[in-house]
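Undergrad: build me a model:
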Amino acid sequence: MSGIPHLPRRSLLRMAAAAGVASQVGWVLGPEAAQAAQAANPGAVSTADDPVTIGWLEDGGLGAAAGSTFGVPWPKGTHAAGTEFQLATADGKDVPVQTWPTAYWPDGTLKWTAHAVGAGAAGAEKFTLAKGAPAAAEQKIAVSETSSRITVDTGVIKAVIRKDGEQLVETVTRGSTTIARNGRLVLHRQDAVEDNDEGNAKWKRFDGDIGGATVEQDGPVRAVVRIDGKHRRGSRSWLPFSVRLYFYAGAESFRMVHTITFDGDENEDFIRGLGVRFSVPMRDEMYDRHIRIAGEGSAPTTGFLTEAVKGITGLRRDPGAAVRTAQVKGEKLPDPSTWDQRVTTRLQYIPTWGDYTLSQLSADGFTLRKRTEAGHGWITAGGGGRANGFGYVGGVSGGLSFGLRDFWHKHPAQLDIRGAASDEAEVTLWLWSPEAQPMDLRFYHDGMGQDTYPEQLEGLNITYEDYEPGFGTPYGIARTSELMFWANDKTPSAATLVDQAEAVRVPPQLAAGPADLAKAGVFGGLFAPVDRSTAAKAKIEDQLDFLFTYYKDQVEQRRWYGFWDYGDIMHTYDSDRHQWRYDIGGYAWDNSELSPDLWLWYAYLRSGRSDIFRFAEAMTRHTGEVDVYHLGKWAGLGTRHGVQHYGCSAKQQRISTAVYRRQYYFLTADERVGDLMHALVDSDETFLGLDPIRKIRTEPYTPDRHALSIGFGTDWSGLAAAWLTEWERRGPKADKAEARLRSTMETIAAQPNGFVQGTGLYDLDTGRFAVAEKPAVGVSHLSAMFGLVEMCAELIGLIDLPAFKEAWLDYCRYFNATKAEQAARYGANFGTLLLFQGHSRLDAYAAAQLKDDKLTARAWTKFYRSDGYTEASNWEKAKLEGPAVLVPGYENLKVNTNETALFGLAAIQNLALVGDKIPG
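TA: Predicted coordinates:
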C-alpha cells in the first residue's frame with residue numbers, strides 16, 4: 001500500500017481493518033490478505049460522496065505500458081451528467097485524467113464513468129478519484145486529420161494512419177527519426193487441405209485493404225483510431241478486419257486491438273497465416289544493430305535472446321572487454337579503429353544475421369532459429385516451453401519493440417524478423433503461424449444420417465449434440481487479438497525490455513475495489529464484498545475458492561489453449577476416461593451454458609482478485625467473439641455447447657446475450673466489447689429467420705413479424721440485456737431500446753400468469769407481447785439461468801413498474817415451491833424441474849424484497865440440501881498419473897460446469913441478499 005511500503009503484511013492487515021477498508025484489501029494485497037481483513041471488518045464501506053480509491057490489479061504499476069483505462073460506478077444521484085473528476089496519487093500528486101460517461105441512471109446522473117491515465121500515472125501504486133477539475137497534462141495527445149490521413153502525436157511519438165489503401169500505419173516517428181513504417185495486415189490463404197500427413201503448401205497472400213478510418217477519441221490523455229476493411233487480393237475481398245489503435249499522452253508506445261470475422265467457405269478457404277507487419281529502417285552499422293527476443297518467464301527474470309546482427313563477442317580475436325560489454329548492453333560501440341586491429345581488419349568475415357523466427361506451435365514448446373539471409377540455411381538459436389511473444393529490432397539510433405498478448409495461450413503463433421542486415425528490416429507478428437497446419441474450420445463429422453428432426457433428436461439423446469445439416473458453420477464468428485508496439489530512441493536496456501515484455505504479457509489495469517463497486521448498487525446489487533466473519537460464511541468462501549482454483553488448474557492440466565479455444569472451459573467430465581468429454585457432442589466446450597461468465601465476473605466484483613479478473617477477461621474475449629455470429633443469417637445469435645464452438649444447430653440469444661459482456665465493458669470501457677453489445681440491439685429480428693424450438697414444436701408455426709413466439713426466459717433476457725445496455729450507454733438506438741424494455745416488461749406483467757406463462761407472441765414493430773387470452777404454465781429449469789435473474793434485478797431497480805416486479809417475485813417464490821403450492825397459485829404445477837440449488841437465489845431475492853423469513857429459510861435449504869453441490873459433496877482432489885491419463889494432475893469426479901456456475905452464483909447472491917440469516 002502506497003505510503004507504508006515497509007510495514008509487515010500483518011500490520012497492513014490490522015491497519016486496513018481498523019481503517020474500515022477491509023473489503024479493498026483483496027485488490028491491493030491478494031485473496032489471502034483479503035480474507036483476513038474482511039473477517040475483521042466485513043461491512044465497512046464509504047459513503048456516496050467519498051472519493052474512490054483506485055489501485056492496480058497486479059503489482060508493478062504502469063510499468064512500460066502507455067497508459068490504463070478503467071471504469072468506476074457511482075450510486076444513483078451522486079454525480080450529475082457532465083461532472084468532472086480529478087485523480088491524485090496517495091501522496092497528493094495530481095495525475096492528468098481523461099473522463100467520459102459510459103452509463104447513466106434513469107434520472108440522468110452518472111452510473112459508470114471511464115477514466116484514462118497516461119505517463120503521469122507512472123510510479124504510483126494507489127490513487128484517489130474524486131469530483132473536481134482534472135489536472136492539466138504536461139503532454140497532451142494531439143490529433144489532426146485530412147481527407148486521407150489521421151496523425152496522432154503523444155508528445156513523444158507521432159503516428160500517421162491511413163484512411164485507405166493497404167498501409168494502416170504509414171509511419172511512426174520519434175523526433176525526426178522514423179522508427180517504423182508501412183504497418184499492414186497480411187493473410188495467407190490456402191485453397192484446400194489434403195487429408196494426409198503431408199498437407200498442401202500452396203497459398204496466396206492477401207493484404208489488408210482499408211475501407212475507412214475514424215477518430216473515436218482525441219485526447220487530451222487518450223486517443224483511439226478505428227480502422228475497418230477486408231483482406232484483398234485482385235478482385236476478391238474477404239475476412240473483414242476491425243483494428244483499433246490506442247495512444248496515451250507522453251507514451252512512446254501504442255496498442256493495437258485486432259479483430260477478424262470469418263466470412264469464407266470453410267471447405268475452401270483455409271487460413272495458412274494471419275499477421276501484422278511493420279517495416280523498420282535500419283540506419284546503424286551492422287555491429288550496432290540489435291535483436292532481442294523474449295523467451296520464457298516473467299518479470300524480473302524474463303528470458304531473452306540478446307544478439308547483434310554482427311556479433312563481436314566470442315570471436316577468436318578479442319576486440320576488447322569494453323567493446324564486448326557495450327554490444328551486449330545495446331550501446332553504441334567505439335570507433336573500430338580503437339579496437340584490436342586483428343578484429344577491425346576482419347569485420348567483413350563475420351556473418352551478419354538478418355533473419356530470425358520464433359515459432360510457438362503448441363502451448364508447450366517454441367523453437368527459435370536464425371539465418372544470414374534468404375537462400376541460406378537456418379541454424380537453431382534456442383527453444384523452450386512458453387515464449388512471451390515479444391521482440392525488438394533496431395540499433396543504437398532507435399528501433400521497434402513489439403509484442404503479441406496471450407502468445408502461447410492462443411497458439412499457433414510466431415514472430416518473424418527479416419532483413420535486419422539490410423536497409424530495412426521487416427517484423428511480422430503472426431496471430432496464426434504460417435508454419436502450423438492450415439486453420440481448418442470444417443465441421444467434424446458427416447452428419448451420420450441425421451437428416452430429419454426425429455433423427456437429430458435421437459442423436460441428441462445419445463451424444464447430447466443438437467446436429468442439423470448446414471448449421472455447424474463458422475461463417476460469422478470472430479476473434480480479437482491484442483498487440484503492443486514501442487518506438488524506442490535507442491536499443492532498450494535489459495531491464496526496460498523486461499518491463500515492455502511484461503506489459504504485453506499482463507497489461508496494467510487500474511480498478512476500483514469491491515466496497516466501492518458494491519455500494520454503487522450496480523449489476524442488480526447481487527454481490528457484496530467477501531465476508532468470512534462466521535464459520536458458515538467462511539466455509540462457502542472456501543468452496544468458492546476451491547471451484548475457481550479447480551477450473552484455473554484444469555485449463556492448464558487439460559491444455560484448454562489455442563487460437564479459437566482459449567478462454568472457454570469444458571462442460572462435463574468423463575469419470576471413466578478421467579477426461580473432460582471434449583469429443584462427445586454437447587458435453588464438450590461449454591459456450592456459456594448456465595452462465596459461468598456471470599459466476600466469474602460476480603466472483604471478481606466481490607473479491608477484487610486479479611487472477612479471477614484475468615480468467616473472466618479471457619472468457620469474455622472468447623465467448624463474445626467465437627461463440628457468437630457477427631455476420632450472416634445468424635448474426636446476433638450464439639451457439640450452444642458442443643465439440644466445436646460453432647457446431648451445434650441451436651443458435652440462440654442465451655449465448656450471445658450482452659449480460660455476459662456488461663461487466664468487462666463497464667470495468668474497462670473496452671470499445672470492442674461495446675461494439676458487440678450494440679450489435680445486439682436489433683437481434684429480436686433474428687426470430688424471423690430461425691425458430692429456436694423448431695424441432696420440438698408440436699403446433700404449426702410460421703414466423704410472423706407481428707406474432708413471433710419468444711420465450712420470457714432465455715430469449716427475452718438476452719434481448720433485455722442488449723436493450724438495457726444501449727439505453728444506459730445512451731447509444732444511437734437508446735430511445736428504441738428503452739421503449740422495447742418498457743413495452744415488453746409491461747406486456748410480460750400483463751400475461752395471465754406473468755413469467756410463468758412462459759412465452760408470448762411478439763410484434764417486431766410495436767415491441768409488445770400480445771396478452772394471452774388463457775393462462776398457461778410454461779416453466780423450464782433453464783428459463784432463469786442465462787441472465788434472467790440478473791436482468792430482472794437490474795430492471796426492477798431502474799424502472800418503476802410494480803406489476804412487472806410482482807410478476808417476477810411470483811416466479812421467484814413459486815419455482816422452488818411444492819407442486820401443490822404451484823397448482824394452487826397457477827392452476828397446474830410446473831412439472832419436473834431441476835437446478836434447485838441454482839434457483840435458491842430466486843428465493844433469496846424474493847425474501848430480501850418481501851422481507852420474508854420463510855423464503856430466506858427455503859433459500860438456504862435449497863442451497864445446502866437439494867441438487868448441485870451439497871453439504872455431503874466431496875471437496876477433495878484425487879491425484880491422477882499415467883497410464884490412466886496423458887499428463888499427471890488431479891480430478892474431482894463431482895465437478896461439472898453446470899453445477900459450478902450455478903453454485904457459484906447462488907452462493908454469491910445468497911450471501912449478498914440473505915447472508916445475515918445464514919444457518920449455523
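
Undergrad: contacts, neighbours, all on C-alpha from now
TA: OK.

Undergrad: okay, now the unreliable bits of the stretch 101-250 of the chain?
TA: 193-201 (pLDDT under 70).

Undergrad: which residues in it form strands?
TA: 110-117, 126-131, 142-145, 149-153, 158-162, 169-174, 177-190, 204-218, 222-233, 236-248 (DSSP state E, counting those that start in this stretch).

Undergrad: angle of the helix or strand following the last one against strand 236-248?
TA: Scanning forward in sequence from strand 236-248, with DSSP states H and E defining helices and strands, the next element found is strand 253-261. Taking axes from the mean of the first three to the mean of the last three Cα atoms, to 10 degrees, one finds that strand 253-261 is oriented at 150 degrees with respect to strand 236-248.

Undergrad: got a list of contacts for strand 253-261?
TA: 65-66, 157, 239-248, 476-487, 630-631 (Cα atoms under 8 Å, 6 or more residues apart in numbering).

Undergrad: can you rerun that using 7 Å?
TA: Applying Cα atoms under 7 Å, 6 or more residues apart in numbering, the set of residues contacting strand 253-261 from outside is 66, 239-247, 476-487.

Undergrad: next one: stretch 653-663
TA: For stretch 653-663, the surrounding residues in contact (Cα under 7 Å, 6+ apart) are 591-592, 597-598, 601, 620, 624, 628, 636-640, 673, 677, 714-715, 718, 721-722, 786-787.

Undergrad: what's the mean pLDDT across that stretch?
TA: The average pLDDT within stretch 653-663 is 98.

Undergrad: quick one: end-to-end length of that stretch, please.
TA: Stretch 653-663 has its terminal residues 18 Å apart, counting by Cα to Cα, to the nearest Å.

Undergrad: my guess is residue 410 contacts residue 563, does it?
TA: Yes. Residue 410 is within contact range of residue 563, at 4.0 Å (criterion: Cα atoms under 7 Å).

Undergrad: would you agree residue 504 is in contact with residue 485?
TA: No. Contact criterion Cα under 7 Å: residue 504 and residue 485 do not qualify, at 9.2 Å.

Undergrad: find residues that contact each of the two.
TA: Shared contacts of residue 504 and residue 485, defined by Cα under 7 Å, 6+ apart, are found at residue 403.

Undergrad: ranges for the helices of the stretch 451-600 of the chain?
TA: Under the criterion DSSP state H, counting those that start in this stretch, the stretch 451-600 of the chain contains helices at 453-463, 494-505, 514-519, 535-557, 596-607.

Undergrad: make a markdown table from those helices and add mean pLDDT, distance to residue 76 and mean neighbour count to it.
TA: As requested, these are exported to a markdown table (pLDDT from 0 to 100; distance: least, Cα to Cα, whole Å; neighbours: other Cα atoms under 10 Å):
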| stretch | mean pLDDT | distance to residue 76 | mean neighbour count |
| --- | --- | --- | --- |
| helix 453-463 | 95 | 47 | 15 |
| helix 494-505 | 97 | 35 | 22 |
| helix 514-519 | 97 | 10 | 25 |
| helix 535-557 | 98 | 29 | 16 |
| helix 596-607 | 98 | 18 | 25 |
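
Undergrad: indicate which one of the ones you listed is closest to residue 115.
TA: When the helices of the stretch 451-600 of the chain are compared by Cα to Cα, helix 514-519 sits nearest residue 115, at 15.3 Å.

Undergrad: ok, residue 316 - how many residues close by?
TA: Close neighbours of residue 316, defined as other Cα atoms under 10 Å, add up to 9.

Undergrad: helix/strand/coil for it?
TA: Here residue 316 is recorded as coil under DSSP: H, G, I helix; E, B strand; the rest coil.

Undergrad: do you know the pLDDT at it?
TA: With respect to pLDDT, residue 316 has a value of 97.

Undergrad: okay, it and residue 343: tell me how far apart.
TA: 9 Å.

Undergrad: what strand or helix carries the closest residue to residue 267 other than its chain neighbours?
TA: Excluding the flanking residues, the one nearest residue 267 by Cα to Cα, 6 or more residues apart in numbering is residue 442, at 6.0 Å. In this structure, residue 442 sits in neither a helix nor a strand according to DSSP H and E.

Undergrad: what's the burial count for residue 442?
TA: Using other Cα under 10 Å: residue 442 sits among 17 other residues.

Undergrad: ditto for residue 267
TA: 14.

Undergrad: nearest to residue 605, of the strands of the stretch 101-250 of the chain?
TA: strand 110-117 (14.5 Å).

Undergrad: who does the closest one touch, helix- and strand-wise?
TA: strand 68-73, strand 98-104 (3 or more Cα pairs under 7 Å, 6 or more residues apart in numbering; DSSP states H and E).

Undergrad: for the shortest one, buried residues please.
TA: What it means is strand 68-73. 68-73 (16 or more other Cα atoms under 10 Å).

Undergrad: same list (the strands of the stretch 101-250 of the chain) but as TSV, adding mean neighbour count.
TA: Output for these, formatted as TSV (neighbours: other Cα atoms under 10 Å):
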stretch	mean neighbour count
strand 110-117	24
strand 126-131	20
strand 142-145	16
strand 149-153	21
strand 158-162	24
strand 169-174	22
strand 177-190	22
strand 204-218	18
strand 222-233	21
strand 236-248	21
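
Undergrad: output those as a markdown table; include the columns distance to residue 662.
TA: What follows is the strands of the stretch 101-250 of the chain, written out as a markdown table (distance: least, Cα to Cα, whole Å):
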| stretch | distance to residue 662 |
| --- | --- |
| strand 110-117 | 11 |
| strand 126-131 | 22 |
| strand 142-145 | 30 |
| strand 149-153 | 30 |
| strand 158-162 | 31 |
| strand 169-174 | 31 |
| strand 177-190 | 30 |
| strand 204-218 | 20 |
| strand 222-233 | 21 |
| strand 236-248 | 20 |
